[in-house]
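# curious how this folds, go ahead:
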Amino acid sequence: MKKLLFIMLLAASSFASFAQKLDADKIIGVWESVDSEVQLKFDIYQSGDKYFGKLLWASNMYETDGKTPKKDFKNPDKSLQSRSRKGIVNITNLKYDNGEYTGGKLYNPSDGNTYSLKAKLKSINQLEFRGYMGVSLLGKTMKFKRIN
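Take a look at the predicted model:
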C-alpha cells in the first residue's frame, strides 16, 4: 500500500512539473510592441531553464537611409560598440516562477543601460514586460502582442 501511495505521489509531482513547464513555454515566440514610442519585435526562446529575447526589429534600429542597421555605439563594453543592433540578444535570464518570469535583464542599445526585467503573460497572445533599475515601482511597463 505504501509503495502504491509513493508511486501515485511521484506521478502527481511529475505531472505538476510537466504542467508548469508547458505554462512556462507559452512565452516562446515572436512578439511585437503595441504601446511604446519605439516599436519593437523580439523572438523569445528558451535556453536551459531560462528565456532570452533576440531583437529582430526596432523602429529606431536603422540609420537615416532606412537600410543600414545602427551600431551598438552606446554599449559600455567598447569591444561590442561596433556590432549591429539587429539580432542582439538583449533580453536575458528570465526564469519562470509561479506564473511570472523574473530575474531577467534587458539591455537597451539606445541608451547603453541594462535594466532588471520581469514579464507576465496576460493571455496566450498578450505579454507585459516591466523594466526597471533598483525598484520595480520606478520602472516602465511595455505591452506586446504575439505575432508568431
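# how many residues are close by the closest residue to Met61 other than its chain neighbours?
Distances taken as Cβ to Cβ, 6 or more residues apart in numbering put Arg85 closest to Met61, at 5.3 Å, once the chain neighbours are dropped. From N, CA and C alone the C-beta is placed, and that goes for glycine too. Residues near Arg85, counting by other Cβ atoms under 10 Å, number 21.
# pretty sure Arg85 sits against Lys74.
No. With contact defined as Cβ atoms under 8 Å, Arg85 does not count as touching Lys74 (9.8 Å).
# overlap in contacts, the two.
Counting by Cβ atoms under 8 Å, 6 or more residues apart in numbering, the common neighbours of Arg85 and Lys74 are Pro109.
# about what we covered before: and the residue nearest to Met61, what does it touch?
So Arg85 contacts Leu55, Ala58, Met61, Pro69, Lys70, Lys71, Asp72, Pro109 (Cβ under 8 Å, 6+ apart).
# export those as JSON lines, with columns for neighbour count, pLDDT and secondary structure.
Listed next are the contacts of Arg85 as JSON lines, based on neighbours: other Cβ atoms under 10 Å; pLDDT from 0 to 100; DSSP: H, G, I helix; E, B strand; the rest coil:
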{"residue": "Leu55", "neighbour count": "20", "pLDDT": "96", "secondary structure": "strand"}
{"residue": "Ala58", "neighbour count": "21", "pLDDT": "94", "secondary structure": "strand"}
{"residue": "Met61", "neighbour count": "21", "pLDDT": "93", "secondary structure": "coil"}
{"residue": "Pro69", "neighbour count": "16", "pLDDT": "94", "secondary structure": "strand"}
{"residue": "Lys70", "neighbour count": "16", "pLDDT": "96", "secondary structure": "coil"}
{"residue": "Lys71", "neighbour count": "15", "pLDDT": "97", "secondary structure": "strand"}
{"residue": "Asp72", "neighbour count": "20", "pLDDT": "97", "secondary structure": "coil"}
{"residue": "Pro109", "neighbour count": "23", "pLDDT": "95", "secondary structure": "coil"}
